[in-house]
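Chemist: dropping the sequence and predicted coords here.
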Amino acid sequence: MRYTISFTLCILALQVLGQEKPWAGKFEQLDQLLPTPNSYRSGSGAPGPAYWQQQADYDIAVEINDETQVLAGTETITYYNRAPESMKYLWLQLDQNINSDNSMTQATTAGAIRDSVPAKSLATTVGALGYKGGFTIKAVKDAQGKPIPFLINYTMMRIDLPSILKQGERAIFSVEWSYNINDRMKISDRGGMEYFPADKNYIYTIAQWFPRMCVFDDYEGWQNKQFLGAGEFTLTFGNYRVSITVPADHIVGATGWLQNPTEVMTGEQMDRFEKAQKSTDQQVWIVTQAEALKKEKDRSKKTSTWKFNAENVRDFAFATSRKFIWDAQAVRIGARTVLAQSLYSKEAAPLWPKESTKAVKNALEVYSARTIDYPYPTAYSVNWVGGGMEYPMISYNGRRPKTDGTYDQLTLERMVGVIVHEVGHNWFPMIINSDERQSTWMDEGLNSFLEKETIRERYPDFDFESNTPKGIVTFMKGDKSIMRPVIASSDNQGDDFGSNGYNKPAAALTLLRETVMGPELFDKAFQEYTVRWAFKHPKPADFFRTMEDASAVDLDWFWRGWFFGTDHVDLTVEEVKWFKVKPTSLDPEKKKVTAAKGDLSVKQGQKGKAVDFSQGAQELSVVNTPGTAYSDFLSRLDDNAIRGKIEGKNLYELTLRNTGGLVSPVIIEWTFKDGSREIERIPAEIWRENETEVKKVFLKEKEVVNIMIDPNLETADIDVRDNVFPKRATESKFDKIKKGKN
Amino acid sequence: MKKLIVFFALVSTAALAQESTPAKWQGKFEQLDQLLPTPNEYRSGSGAPGPKYWQQRADYVITAELTDENQSITGSETIKYYNNSPDVLTYLWLQVDQNINAKDNNTQKTKITVVKDSVDTKSMAQNLGLFDFDGGFKIKAVKDGSGKALVYKVNYTMMRVDLLQPLLPGKQFSFSVDWSFNINNRMHGASRNDSRSGLEYFPEDGNYSYIIAQWFPRMCVYDDVVGWQHKQFLGQGEFTLAFGDYEVNLTVPADHIVAATGMIQNPKEVLTTAQLDRFEKAKVSFDKPVIIATQAEAIQREKTKVKEKKTWKFKAENVRDFAFATSRKFIWDAQAVKIGDKNPLAMSYYPKEGNPLWEQESTKAVRAALITYSKYTIDYPYPHATSVHHASIGMEYPMICFNGRRPNKDGTWSDETKWGLVGVVIHEVGHNFFPMIINSDERQWTWMDEGVNTFVQYRTEVEHYPTKPISRGPAAKIVPYMKGDNTTKRPLMVNSEQVVQFGSEQYHKCATGLNMLRETIMGPELFDKSFKEYAQRWAFRHPKPADLFRTLEDASAVDLDWFWRGWFYTTDVCDQSIDQVKWFKVRKEESTIENKGKRVKESELSTAKGGSKNPNDFSGGPEPFSVIPTDGRLYRDFLARVDDKALITKMENKNFYEITFTNKGGLVMPVIVEWTFKDGTKEIERIPVEIWRTNETKVTKVFMKDKEVANLILDPQLETSDISISDNVFPRPAASSKFDELKKKSK
């Protein structure tokens, strides 16, 4: 437009002020910060027309020796090459090798000596716990049983294929392996076992227990970045058939659906199991506490084999113990019912029977509503010690009551939180299958957000602040020189892992939903992302692009600030000026009389910046529009009518500073003399021309006594003391007095 | 996973306090992501050519005559250009490289020059362009297949030919160019901006030796990344060329011997019967070269100087260029080399001035290069590899290269001359692989051929010439450069023309980087497998840097983004140091279960911190610290317990060393520690570079050792290019610093 100038000169429009900080392009499009869209991944954020992904089917037979705590297995992997290229070699993940003697994690872990160090801690640091971990690979063979050459590089194993695997072909090969199961009391891995000295029994929570295919995709080729401990797993979809041989008195919970219940359950258990599948209103106990206690004592020496099938999952985990109490109930999801199940030992009762399956149900319902309907037949929650860990259809969750069976509110909240969270992981990353090794926030952050939504909806009295803007303030205040952005690699996050992987992205999404986009646009777009990428492998850009594509909200500034940057929100009310328009009736003839240029500011300068409204309003003249302002237009405004609209009203000119750097919507709460309030919400685009300081004029009928920015703490503003006008002087006076006395 | 602090506590620093040393985080371990182009259907994320990878092709039929009397070439070529791209082309670009020697050339104009006293005439003439040489192509005609003239426009070293009709994907277009040019005298050196080819005049016998290259208008590369690669030829960034088949007829004085890209098609017409016999013999001689044209014959030809002409006919398949050498002075030897199921010829051409050094060393070096390069990359696919002698040069073309180094007049030579010859022959023959076969873009990325080639040259020298002094390869050799002037340093990832320290960076630093990857970071097995994978994937194709970076990771499962970032994208240097060493032993009386409650005060321990008696050596003895039974709270809900007593017993007589390493140089590198124990035994501990991943500048780590340590050295075998090793030692060598003081005083 040609006549921009006449617009910006308009008294009520934004004044471009001298910016001390160089323009940082905070509203620029992300462009080359994101990968260029192509035929695999579209500019809309959807999978592209040539999108492809690999598949790996597993047929596994595994046995746990309860006497030696050794796991031994054989797997046959059918690998489908859907990539539009030929493959000479395949990569598998040998995650157990993180516990090998030559573990890269151990070798690269920092530490220091301090006095009075607990023996276990010191032994952990110097690797003196005496655990022999890591996979023993006994054989890798092709479909004909011929050995295939392989090469192990820490936690990765390369198999050189006997012949080139072309697009559309599949490779079949088998691996035979074993490893010593770690005692999680000593080596707190994501899987392992727990020993109960009182009854001398074990609970096994088994994971990363078989050599698993790496992901080969369009963006990375092979994602064979080493497993160092923080960056989790990147896995391909496939179908599993798994036979698990364990002591005959064990109960097994696993990814997938049990295929041979009659072979492993008593008739009574079978009946209860059938009943549970139809019980949508309450849990049914398939194994009772009394039954579990009896087994703890009897300790069968026989074995039995549990067979599970799982379709279209990215991993397989299982838990087994004779100590397990087992309850289940059906949950309606769309037209299907899903079995919510819990496994726990008597040590977790009575908290677990009461809360676990219920929490599973709540997660299944809320996540299904916000994303896609839960597609799997079951979801287990298994009790262990520690935090929580997720696998398809099964998760391991911590928190137990005290030995006397009592528990406090915090224990309850943490337990429900962890179960909702881990069950929620079925969506992120099990179904919306992001690359955990690289981007923790894509599963943990999105999942923490929905965890919070679930808690807010189903457990409104619980504390869920840590995943909200208010909760992230402390982190955002941290030292920026060492702070990582959310987008940084999982293994490089260091101390920021928890905040950047979980809370900051969850808080950011909360801010998006509640403040920037509004629930309707956000929920639609978020759901679109999950629909597009369910059973696929999304990358960060696919999420960023979809959220914009489906909402028409330009969020590049938001991703730039919250995900690519380490700036924080800190708005400051720099100055408030209060004006009243001089009644024209006093001087209707003197059309040409205007306040001399600079007149107002001189006045203001004499008095200094107003600290409150006590100086009263300044007078302001509104003159008739000069003919030149009409350009070539021949018609004219009714000057008096317009003046009449504002005469006697209050004009407030606010100067706002973006002290923190991160641009933010501006939420203003006006409190009027009569005690009434008004909240005005200004989009973040107010900062698009001047990223540091803006002025804006507001017209109010009533006199304002108080102005507050971000009154409901929605924006993660790290310092709200300067968000208020008049400044709250009482506090500082009090401080002065205190200082004076000291 | 549910984030819970306890989880990390156990995997990482346990309950031990990690000293916090905040330093600006620079993301040195971040993935390269958008520093690399996004993979697409042309180039895969794995680093392999994508499913829709394509490349253009240009076949040439050339007839040319070299006139010895006025040292000029006149030629005519028919180019058949294959548009394999998915794009419609309306014009083609050709390279007219000789124009760098035209009167009007940008290289001379943009050359930076200064006046200094007592400057020699040659330098002055070079700087001011005083040599009276009429260089550059004279384009006589550009015509389509039916003889119709095509519109063309010459832009310095590039020529655009406008097509009469758009060239559709999958179609071919044939056209011809007639041209001529005067051959430059290479003795004038840099006066002419490209002395990669030209003539050498021998005043004693009045004859010329010609090495001829960039001698015909050549197709530019059109590819998926840059479209037409027609960045001007300024002299430093070399050539970017498409593959094709060549039929070349060269007319030269009848007593000339011609060496060229491709195989001779009419040996009977140009060779004597004796030469023919010897040539056949050479093809089956695997143990030593056979001399096909002898020195005596050459000397005879030098004198007779016939006026007649002969035409030598060559054919070459799937090459990216064509060069030749011709002279009546040439001696010629050849032998066969077994490479897989092929027996390519290793050949050498040289005037008597190169002997007897050349007949002893040249073909032998060609053979060594073919064997080693084939092992590390792909089997040499061409029928011969030829080394031609010219003064002061090393320049590569497919199957043929031009190499310098000459004995003294009396036929003797120094070791330096011999090793110089061996080195240059291996290097230039090696260029057959990089960039002639693994056909990278030389105009843009010098390191992709020169650096990678220098690395395999080093492997060849190590494997075939173990006594040869090595100048480029081992990390220690790059240290003087890394320590040097920062103002002229450029990252490897810059365009050739902007490089100042050309040899130190694009050749040496790149080669050193690859050697560090092989020897220290990846290990030979993983490196060799993935390096070979790169060569196999990109043989007879056009790789880009990302294709190399990605392939080396994809085939090895070693995340190298930190390495590419540091070594290729920055000029950071490696300078690690042992900042602090603390020696601890478990305080026995405190560590019993009975004394559970008794804690040592922090102040007691802190005597060792900073204000210790002897922070610079071990003379203060070990600092005692207490190991206490594990507090119940550390077990959370676990009911099982570790055997504290057993653990304490296990550790109570051990030595604990808490070492603080700093990364002063900025470049992250693995930490290699050599422990020397009191009993004289040694142990080398290799800590992967990932130790720096959360604190890029300073890390502290605890080591438990059975024996007492007498000293420790970082990077004892100089593998990491650490620019300052004096701070790599503990105890600090006090003696040497005293010595330094004395030295200073004596000055």
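Modeler: Everything's here; your move.

Chemist: for the nearest residue to residue B:266 once chain neighbours are set aside, name its beta-bridge partners.
Modeler: In space, not counting the residues next to it along the chain, residue B:266 is nearest to residue B:313; the distance is 4.6 Å by C-beta to C-beta, 6 or more residues apart in numbering or on different chains. For every residue, glycine as well, the C-beta is placed using N, CA and C. On the basis of DSSP bridges, residue B:313 is bridged to residue B:249.

Chemist: how about residue B:313, what does it touch?
Modeler: Residue B:313 makes contact with B:247-250, B:264-266, B:269, according to C-beta atoms under 8 Å, 6 or more residues apart in numbering or on different chains.

Chemist: let me know the closest of those residues to residue B:24.
Modeler: Residue B:24 has its nearest neighbour among these in residue B:248, at 59.0 Å by C-beta to C-beta.

Chemist: per-residue pLDDT, the closest one?
Modeler: Note on residue B:248: pLDDT of 98.

Chemist: and it, how far is that from residue B:340?
Modeler: 27 Å (C-beta to C-beta, to the nearest Å).

Chemist: ok, those two, which is more surrounded?
Modeler: More crowded of residue B:248 and residue B:340, by other C-beta atoms under 10 Å in any protein chain shown: residue B:248, with 23 against 11.

Chemist: what sits against the more buried one?
Modeler: Applying C-beta under 8 Å, 6+ apart, we find residue B:248 in contact with B:60-64, B:260-262, B:313-316, B:322, B:324.

Chemist: what about the residue in chain A positioned nearest to chain B, how many neighbours?
Modeler: Going by C-beta to the nearest C-beta, chain B is nearest to residue A:221 of chain A, at 2.6 Å. Residues lying near residue A:221 (other C-beta under 10 Å) number 24.

Chemist: kindly provide the distance from it to residue B:438.
Modeler: 19 Å.

Chemist: residue B:197 now?
Modeler: 23 Å.

Chemist: next, residue A:149: phi, psi?
Modeler: phi -70, psi 140 (degrees, to the nearest 10).

Chemist: so it sits against residue A:162, correct?
Modeler: No: contact between residue A:149 and residue A:162 fails when scored by C-beta atoms under 8 Å: they sit 9.1 Å apart.

Chemist: show me which of these two is the more surrounded one.
Modeler: Neighbours per residue, other C-beta under 10 Å: of residue A:149 and residue A:162, the larger number sits with residue A:162, 15 against 11.

Chemist: what ranges in chain A fall below the confidence cut-off?
Modeler: Residue ranges of chain A with pLDDT under 70: A:1-20, A:584-607, A:729-742.

Chemist: try it again with 90
Modeler: The model of chain A has pLDDT under 90 over residues A:1-22, A:188-189, A:581-611, A:620-623, A:643-644, A:647-648, A:727-742.

Chemist: show me the residue at the heart of it, geometrically.
Modeler: Taking C-alpha atoms, centre = their mean, the centroid of chain A lies closest to residue A:445, which sits 1.0 Å from it.

Chemist: next: chain B.
Modeler: In chain B, the centroid-proximal residue (C-alpha atoms, centre = their mean) is residue B:451; its distance is 1.1 Å.

Chemist: how about it, phi and psi?
Modeler: Torsion angles, degrees, to the nearest 10, at residue B:451: phi -70, psi -50.

Chemist: give me the neighbour count for the nearest residue in space to it that is not next to it in sequence.
Modeler: Distances taken as C-beta to C-beta, 6+ apart put residue B:510 closest to residue B:451, at 2.3 Å, once the chain neighbours are dropped. By the criterion of other C-beta under 10 Å, residue B:510 has 26 neighbours.

Chemist: repeat that for the one 10 residues further on.
Modeler: Neighbours of residue B:520 under the rule other C-beta under 10 Å: 20.

Chemist: and residue A:104, by the same measure?
Modeler: When neighbours are counted by other C-beta under 10 Å, residue A:104 registers 22.

Chemist: from memory it sits against residue A:154, does it?
Modeler: Yes: using C-beta under 8 Å, residue A:104 is in contact with residue A:154, at 5.1 Å.

Chemist: shared neighbours, those two?
Modeler: residue A:226.

Chemist: and the longest helix along chain A, what's buried?
Modeler: Secondary structure of chain A per DSSP state H: the longest helix is helix A:351-370. For helix A:351-370, a neighbour-count test (16 or more other C-beta atoms under 10 Å in any protein chain shown) marks A:351-353, A:355-368, A:370 as buried.

Chemist: which other helices and strands contact that helix?
Modeler: Applying 3 or more C-beta pairs under 8 Å, 6 or more residues apart in numbering or on different chains; DSSP states H and E, one finds that helix A:351-370 contacts strand A:325-333, strand A:336-344, strand A:378-383, helix A:409-424, helix A:446-458, helix A:519-533.

Chemist: got the angle for that helix vs strand A:325-333?
Modeler: 20 degrees (axes from the mean of the first three to the mean of the last three C-alpha atoms, to 10 degrees).

Chemist: just to revisit the earlier point, and the residue of chain A closest to chain B, how far from residue A:492?
Modeler: Residue A:221 is 21 Å from residue A:492, by C-beta to C-beta.

Chemist: also residue B:40?
Modeler: Residue B:40 sits 27 Å away from residue A:492, going by C-beta to C-beta.

Chemist: out of the two, which sits in the more crowded spot?
Modeler: More neighbours surround residue A:492 than the other of residue B:40 and residue A:492, with 25 against 22 (other C-beta under 10 Å).

Chemist: got a list of what that one touches?
Modeler: Per C-beta under 8 Å, 6+ apart, neighbours of residue A:492: A:484, B:27, B:29-30, B:693-694.

Chemist: ok, 7 Å please
Modeler: Going by C-beta atoms under 7 Å, 6 or more residues apart in numbering or on different chains, residue A:492 touches A:484, B:29-30, B:693-694.
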